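Q: what follows is a predicted structure for the sequence shown.
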Amino acid sequence: MANSSDIVLEVDGLSVDIRTAGGTLHAVRDISFSVKRGETLCLVGESGCGKSMTSLAIMDLLPKAATKTARRLAFAGEDLSRAGKGRINALRGNSMSMIFQEPMTALNPAYTIGNQLVEAYCLHKKASEVEARERAVFLLGKVGIANAAERLGQYPHQLSGGLRQRVMIAMALMCGPELLIADEPTTALDVTIQAQILRLLADLQRELGIAMVLITHDLGIVARIADRVAVMYAGQIVEEGPTASLFNAPRHPYTQGLIACIPVPGRTEPGGRLGVIPGVVPSLVGEVRGCSFRDRCTKAQQACLDAPPVRETADGHRWRCILENAA
Amino acid sequence: MTALIEAHDLTRSFEVSRGMFKGKRTLHAVNGISLDIRQGEVLAIVGESGCGKSTLARMLLGLLPPSAGAITLEGQDIRSLGRKGMARRVQPVFQDPYSSLNPRRTIASIVALPLEVHGIGTAAERRKMTIEMLDKVGLPQRFADRYPRELSGGQRQRVAIARALVMKPEVVVCDEPTSALDVSVQSQILNLLMDLRRELNLTYVFISHNLAVVEHIATRVAVMYLGRVVELAETAALFKAPRHPYTKALLASVLTPEPGLGIPDTGLGIAFPDPLNPPSGCPFHPRCPERLPQCASVVPQILRDETGAVACHLHGQGPAPH
Amino acid sequence: MIGYILKRLGLALLVALAVSAIAFFLLRMSGDVAIAIAGEGARQEDIELVRRTYGLDRPLVVQYVEWLWNTLRGDFGTSIYFKTDVATLVFAKLPTTLLLGVLSLGFALLVSIPLGVLAAVYANSWIDRLALAIAVVGQALPNFFFALILVMLFSITLRWLPVSGSKTWANFIMPTIALGYYVAPAFMRLIRAGMIEVLSADYIRTARAKGLPTRKVIFKHALRNAVVPVVALTAVQLGFLLGGSVVIETIFALDGLGYLAYQSITFKDFPVMQVIVLMLSVLYVLLTLAADIANAWLDPRIRVA
Amino acid sequence: GKSDNSVVMAYDQAPESVDPFFNNVRIGVIIGQHVWDTLIYRDPITNDYKGQLAKSWKWVDDRTLEVELRQGIKFHNGEEFDADDVVYTLNFVSKPENKVTTQQNVSWIEKAEKLDKYKVRITTKKVFPAAIEYLAGPVVIHPNEYYEKVGPAGQNDKPVGSGPYKVTEYVPGKSIVLETNPDYFADSPKPKPTIGKVEIRFIPDRQTQMAEAISGGVDFIMHVPKDQAEQLEAAPHLQVVSGETMRIVFMQMNSQEGTPAPALKDERVRKAIIHAIDRETMVKEIVGKGSRVINTICFPSQFGCTDHGAPKYPYDPEKAKALLAEAGFPNGLELDIVAYRERNQTEAIIGYLQAVGIKANLRFLQYAAMREQIRGNKAMLTHQTWGSFSVNDVSASTPVYFAMGDDDISRDPEVRDALNKGDNSVDPAVRNASYKEALTRIAEKAYAVPLYSLPVYYVATADLDFRAYPDEMPRFWEMTWKK
Amino acid sequence: MTSEPLSLPAAAEPTAYSRLMRRVLGQKAFVIGIGIVAAIVLIALLAPVLAPHDPYLQNLSARNVPPFWYAKGSWVHPLGTDQLGRDYLSRVIYGARISLLIGISVVIISGLIGTTLGLAAGYFGGKVDMLVTFLVTTRLSMPVILVALAVVAMIGGSLWIVILVLGFLKWDRFAVVMRSATQQVRSLDYVAAAEAAGASTTRIVLGEVLPNIAPHLIVVATLEAASAILLEAALSFLGLGVQPPLPSWGLMISEAKAYMFFSFWLIAIPGTALALLIFAINLAGDGLRDIIAPEGRS
Ligand SMILES: Nc1ncnc2c1ncn2[C@@H]1O[C@H](COP(=O)(O)OP(=O)(O)OP(=O)(O)O)[C@@H](O)[C@H]1O
Ligand SMILES: Nc1ncnc2c1ncn2[C@@H]1O[C@H](COP(=O)(O)OP(=O)(O)OP(=O)(O)O)[C@@H](O)[C@H]1O
Ligand SMILES: [Mg+2]
Ligand SMILES: [Mg+2]
């Protein structure tokens, strides 16, 4: 394991419960991971598996109906679950920041982007408006926005989606964060723009040595950008490991199924049948015992009714399954 | 293969108001597209958001009258076919499985709607046909009397497909049928569509922005940019040798799950085009890495040849044949 | 912008025309003005005389066109009952009603904005329920009933406030409350609903993710956006208040447009009725235009680029 | 209040104009009598005529009246009163094109001529013995120079009269302030006022008026309904004064040709209706002190009014039902009733009718609308009141409704002939006999339901000393403070 | 192998009905509101059974008897009598009929007009929409109470005239809400799918659009019913509404206000009844709005 001082974010035993009319929904169930300085961890999984809840729990932005519990939730060694509201506010937007999925709605339509960019900087760095604007112009340039100074006076609706997402990135970088959480930052964008934005993000992250948690459901993005990958299913991390290892030798039946679903030119035959994962995601309301994937798993056994063991290989590739290798 | 549907110089514009104090502007969503859809093929239409794919699809379905140009179905203008006549031969599958099913109707009544409209069979016969159709798309009978909200996205999309196929149409226009679904469900639906095509001898117009899917499913691909078709070719040819710079960029942007390849550099400019203010000349020129001097002023004509068609100054000059 | 405003003014004109025609024919069709003018105890020949002298024996359309023509020239006619120039009469009463309208609106906003914000921020808590209760009770209490209760309480029992008249500012307290309390719930609901929606918007999450303190998130980022629809409602409600002050003005003997309207209705004073209805409709259309402009100012998405 | 020697009066209706010729509401008459003077004054108690602006008058012939004017009287603006004022005023108001509101107050005037500075001759259009009564009532005298200059509109803006009070402030529709005229002539039958200032506020809502009275905001209100007046009596600082008025209440029943309620053509149905209503109880319980039941359609004190020999129809619901059954309505019938004031009394009548099986649907209308219904032969039952303009003669009441005028909906030629005979005679005996004949026939045929006279209730601060008159006219000039 | 115990509860949600019921019952406000409304409806329906006396039977010698809780009151007239000696309890009970009749009839008339206009505007758009928008603006620019007062003053008040006048005046909110709801539904793919299936416009409007905007319709209807009842009360208060001796609550308040300073119960009883009904309808309407709101989102 790397030097523990390199660990920016440490999540241990995080659970998020949401009160709903139908009962308690266990959106995130006892997940643990950590991210080091300069590392990109991708959380991947299908819609509703708890990715966003995880990120919001870290940022303490959960909706009112949701409660989180964690054995440990530490940022740069400081336990966030014990920090007060003021402390969290001091960290948020300052040393840990976040980029949201919808560039169209994540900016306040009533204020200029300049106003929204400098807000956090003035607050956290006690900087003057002028200094903040300078930094904003600098960062807008960095994310590839030409004539940045003029853009500061524009309103979000005057920018295209790609530009807005760049503004969001610049905004997240304003205070020079150590941790950047990006929740599906490109899902709403076109493929060509997506490639540009991801490239930009990856470059900046490397350049600034930020620890990044990138959330996505797109295995293509994961494969190209992540250092490590955590695959979530029904609120749990079912498999986690270095990117290459995970893609080249997936251990969990779910991960395997997922990879087989995607047509890959050259690998899948055009017009041929694609791999499938039968069935649907289980309900997360109420207690889920045993392996949550078992009723969609072709290799399910009686033993799956109990909680599956966590298995681990030497290179830090871990998975939750009764089988050593499902393939 | 014979052309089943032909679109001649289709244009569709909308009057859009851009906020209260500004006047209306004309937006050319589809700008002079000529296409043929051949019996039994899967014609994919790809392009970025807002380039007019859905508008084109709605015109092909007869749901939206073109501002100019005409569509013929086996040589007959679709306007003369009427709503019912079109309905028997061309059917849609929409992108959003949530808004495409009436939440107040049961699954069976949704699927039976076209039969009812056309007055086919008795109620009992319709019920039987509906159940058969549901079975064909992989939905057990017990779903028949449920409501859409009780179904998952993939199941809903199956219902939509069942509704489209219950009248045994020849052409199915699928507007991004899987983009709202998770990958694990997407593959189920894609498999289903391919199976049904073989079984029922269907022709598909398949709209998507997912090039991996398109490559997997299509026989021919039309690439759209800002309301125009910029390139049209057989799938294999297009993916092997794209001719238009935009097609090239599009292909380069595809992120396949292959670790270690990193994020490609598409070389495109970031100036995202405003459809209300389309660039002069070739609409792609502000972003084009291979821009020529005349691109900014001259609209490239479409060049048709045996491999397909392309509209780019890099490929042939002069007016296209016909 | 200019074009838009011109278009809206054109609409106002069309609406005014429609309203004037509706009012004219509606009012004239069901009653004989001549009898109203001739008064109690008048004989048939007196009525006939009145009919002839006032030109009421001509076809309605002719009378309407003439009325319209005169109105366009700025001559609003003479009140049948008060015998004076309608314009003078109406404009003399307008200030009282406007004052009452603006005061009640102010009162309503003063009550509803804090209550609405609180209810939204503490949605589903007891604060929210209390605010809802206040709103629902406010809408359920007929304002005439509420006004009478106020009189009972503050004038008869406590003797704090004068019952009627418009001499001092104290005269306006009860009418303002009675009228304002009735429209406050609509504002409160709108603000609450708007705030709840806005508070769940992505950009609020963005603002919180920046580490902004809650107060700033609510007042800078949320309220600004939630308040946009309130402006439109304000215009509509002011129109409503001007028209709806009939009962309150009657009870509190406030000598405003509402009471004048009530009087002219009871006396079949058609010229006055027509002008009041016309004026209120023009006012309404202009107010909505003003609201749109204010909205545009508040919401940059609508503003001129 | 007593402390500042002023009275605040509240009234529910604003006059359309302060000029007495251009309004037809009671408050207009009240203001008119305070601000202006008439040529002749009728003593409200003795009903004797006295000279006011006139020193004396005499009928030269049937249609010519000569009036000698008092000298040395000044209008509020200093303008001197003389024959020109009288001539100008009478000639102005009698011209139809000047659109005086109540035409019958002035339409009898043919012309007025100046004989000399203090003498005028008035000619009536036809024989019109009631001219004196009108000259003592609605026909006030305007200052000619001022009136000529400003016209009725100016007279409304800044009223100028010669009466005991002058207008010091007037906000139309809201309030009017009257202050004593210090130069009021001493010989006037109206005494020089004690109350220094009278403010009349127009408060449309009766409850608001009551609330003001209770809270001391106003000192004087009138036309208070019986129940409310009795309740207000309980307040220590208030007093209630009531008295009978000449206003009679009755119901017409449309029995003319083409009536929408053919049942009313049947005498038995009409009689049943009269029998159904307990007038005695109504008077006692809801109409109030000062009211009395009437049996013929006129006010008892009016010349020619009598119920001797006329059949009376006591309250007898059983008989009413029997009559209805006899007339072919054993299961009752449904009728509309139009009314325009005293709604609670109409409601009580409806209740009584309901009890004998007549379902009466109320159509409560403005006076004008009601009259339209009646004249258009669309009314069935009408709940009417008539004040005879305080004229103490049957010619001012019964003929209006029974001499085949516009408002006659029984249209019996016999009744008409008898009434006309009375109206056109100067012999009191002939008149009495003719009116009696008419009134008796109306009662026999049960053409109308005679109900009762209306009282008027005043509620005032307990300090004020005043009395109620049948003409519903509070006279501030004679009011004083109690010691 | 798919042995039973291996299956997990699917994420698909419970049946529509049970979910709706849960949401309905979760809405305490709605339950209370609908409960009170139901009670008042029941009282109205059972009026002849429940009322101790004939509501029209007057007794001038027993006027303004106070309710039982006053020293002078008695159980013969539990809520006392009115100014004509009619039993107040019976009149209040029968008054529920009038108020409900007004609320329901007005909503039916105005709902028909407004929904038709709103549907047409939302579905066809373009010129039709412009025309309807113009009509709505014109209608909105005329204050309801003034126009209603004027019209009633001229033709004379009666129950049916009040209902007709209010019905023809209060369609604006229906039109506005139905218009935007229709616009929203019209742009959804299931309408396009029905079109593509060849369904006629009538069929689409009635079969696809109307059922989906019905919840909004119901919410508007409840709120409009409440407002119609209030308006009738205001008209009656000004003496231009329903005519006596009909026991409308508004009319009772109007008649009782003359006695309010000394016999407060006379105004308090119908006032409370009216406020309670409006309160309950609004509560139910609000609750309904909240219940259907999430459905609209999805
Ligand atoms: N406010 C909420 N109330 C109730 N349930 C919620 C709420 N927000 C999220 N959930 C549920 O919590 C679970 C996890 O949601 P989450 O948003 O974390 O999923 P996700 O993996 O981010 O999905 P997506 O890819 O769609 O963003 C889901 O089942 C979702 O339905
Ligand atoms: N009814 C309409 N009124 C006005 N503009 C419209 C309308 N329908 C489509 N447009 C505009 O026409 C252009 C093309 O729209 P279209 O929906 O066909 O694009 P698309 O390629 O299907 O995009 P996406 O991938 O986002 O579905 C867009 O700019 C859109 O805003
Ligand atoms: Mg589309
Ligand atoms: Mg003179």
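A: Received the coordinates, thanks. Ligands and ions are numbered 1, 2, ... in the order given.

Q: chain neighbours aside, what residue packs nearest to residue 286?
A: As the question left the chain open, I've gone with chain A. For residue A:286, ignoring the flanking residues on the chain, the nearest one in space by CB to CB, 6 or more residues apart in numbering or on different chains is residue A:23 at 5.6 Å. (C-beta placed from N, C-alpha, C; glycine too.)

Q: that answer is for a different chain, and I need it for chain C
A: Per CB to CB, 6+ apart, closest to residue C:286 is residue C:12, 6.2 Å.

Q: quick one, phi psi at that neighbour?
A: Main-chain torsions, residue C:12, degrees, to the nearest 10: phi -60, psi -40.

Q: and it, how far from residue B:128?
A: Per CB to CB, to the nearest Å, residue C:12 is found 61 Å from residue B:128.

Q: again, but for residue A:14
A: When residue A:14 is compared with residue B:128 (using CB to CB), they lie 52 Å apart.

Q: what's the answer for residue E:109, then?
A: Counting by CB to CB, the gap from residue E:109 to residue B:128 is 44 Å.

Q: name the residue in the two with the higher neighbour count.
A: residue E:109 (20 against 12; other CB atoms under 10 Å in any protein chain shown).

Q: test my guess that the more buried one contacts residue E:162.
A: No: counting by CB atoms under 8 Å, residue E:109 does not reach residue E:162; the two are 11.5 Å apart.

Q: identify the bridge partners of the residue nearest to residue A:286.
A: For residue A:23, the beta-bridge partners are residue A:20 (DSSP bridges).

Q: strands along chain B, start to end?
A: Along chain B, counting by DSSP state E, strands occupy B:3-17, B:24-38, B:42-46, B:68-73, B:76-77, B:90-93, B:171-175, B:203-208, B:220-225, B:228-234, B:303-305, B:308-310.

Q: OK, contacts around residue C:107?
A: Going by CB atoms under 8 Å, 6 or more residues apart in numbering or on different chains, residue C:107 touches C:176, C:177, C:180, C:181, C:184.

Q: give me the residue from chain D nearest chain E.
A: Nearest residue of chain D to chain E (CB to the nearest CB) works out as residue D:351 at 3.7 Å.

Q: what sits against that residue?
A: Residues in contact with residue D:351 (CB under 8 Å, 6+ apart) are E:56, E:57, E:58, E:84, E:86, E:245.

Q: can you rerun that using 6 Å?
A: Residue D:351 makes contacts with E:58, E:84, as judged by CB atoms under 6 Å, 6 or more residues apart in numbering or on different chains.

Q: got the CA positions of stretch A:221-236 in CSV?
A: Coordinates of each C-alpha in stretch A:221-236 appear next as CSV, following Å, rounded to 0.1, in the frame of the first residue of the first chain:
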residue,chain,number,x,y,z
ILE,A,221,-14.8,6.2,-20.4
VAL,A,222,-13.7,4.1,-17.4
ALA,A,223,-11.3,2.1,-19.5
ARG,A,224,-9.7,5.2,-21.0
ILE,A,225,-9.4,7.4,-17.9
ALA,A,226,-9.3,5.5,-14.7
ASP,A,227,-6.3,4.3,-12.7
ARG,A,228,-8.5,2.2,-10.6
VAL,A,229,-12.1,1.1,-11.1
ALA,A,230,-14.9,0.3,-8.6
VAL,A,231,-17.9,-1.5,-10.0
MET,A,232,-21.1,-0.9,-8.1
TYR,A,233,-24.2,-3.0,-8.2
ALA,A,234,-27.3,-2.5,-6.0
GLY,A,235,-25.5,-0.2,-3.6
GLN,A,236,-22.4,-2.3,-3.1
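
Q: for chain E, see how far away the residue of the stretch 151-300 of chain C at minimum distance from ligand 2 is.
A: Proximity of the stretch 151-300 of chain C to ligand 2 (CB to the nearest ligand atom) peaks at residue C:202, 19.1 Å away. Counting by CB to the nearest CB, to the nearest Å, the gap from residue C:202 to chain E is 15 Å.

Q: right, and that residue touches residue A:101 too?
A: No: counting by CB atoms under 6 Å, residue C:202 sits too far from residue A:101 to count as a contact (8.1 Å).

Q: these two: which has the busier surroundings?
A: Just comparing residue C:202 and residue A:101: by other CB under 10 Å the higher neighbour count belongs to residue A:101, 20 against 16.

Q: what about residue A:112, how many neighbours?
A: Counted with other CB under 10 Å, residue A:112 comes out at 18.

Q: what residues are up against it?
A: If you count contacts by CB under 6 Å, 6+ apart, then residue A:112 has A:153, A:155 around it.

Q: so where's chain B uncertain?
A: B:1, B:18-23, B:270-272, B:317-322 (pLDDT under 70).

Q: report the separation between the residue nearest the centre of it and chain C.
A: Nearest to the geometric centre of chain B sits residue B:207, at 2.8 Å (CA atoms, centre = their mean). From residue B:207 across to chain C, the span is 28 Å (CB to the nearest CB).

Q: ok, residue A:19 next?
A: Residue A:19 is 11 Å from chain C, by CB to the nearest CB.

Q: against residue D:257, how distant is the residue in chain A that ligand 2 sits nearest to?
A: Residue of chain A nearest ligand 2, by CB to the nearest ligand atom: residue A:190 (8.1 Å). Taking CB to CB as the criterion, residue A:190 is separated from residue D:257 by 88 Å.

Q: the more surrounded of these two?
A: Higher neighbour count among residue A:190 and residue D:257: residue A:190, with 20 against 7, using other CB under 10 Å.

Q: can you tell me, leaving aside adjacent residues, what's nearest to that one?
A: residue B:48 (4.0 Å).

Q: name the nearest of the contacts of residue C:107 relative to residue A:234.
A: Closest approach between the contacts of residue C:107 and residue A:234, by CB to CB: residue C:184, at 47.6 Å.

Q: spatially nearest residue to the closest one (excluding sequence neighbours)?
A: residue C:108 is the one closest to residue C:184 (CB to CB, 6+ apart), at 4.0 Å.

Q: and for residue C:138?
A: Closest to residue C:138 by CB to CB, 6+ apart is residue C:185, at 4.4 Å.
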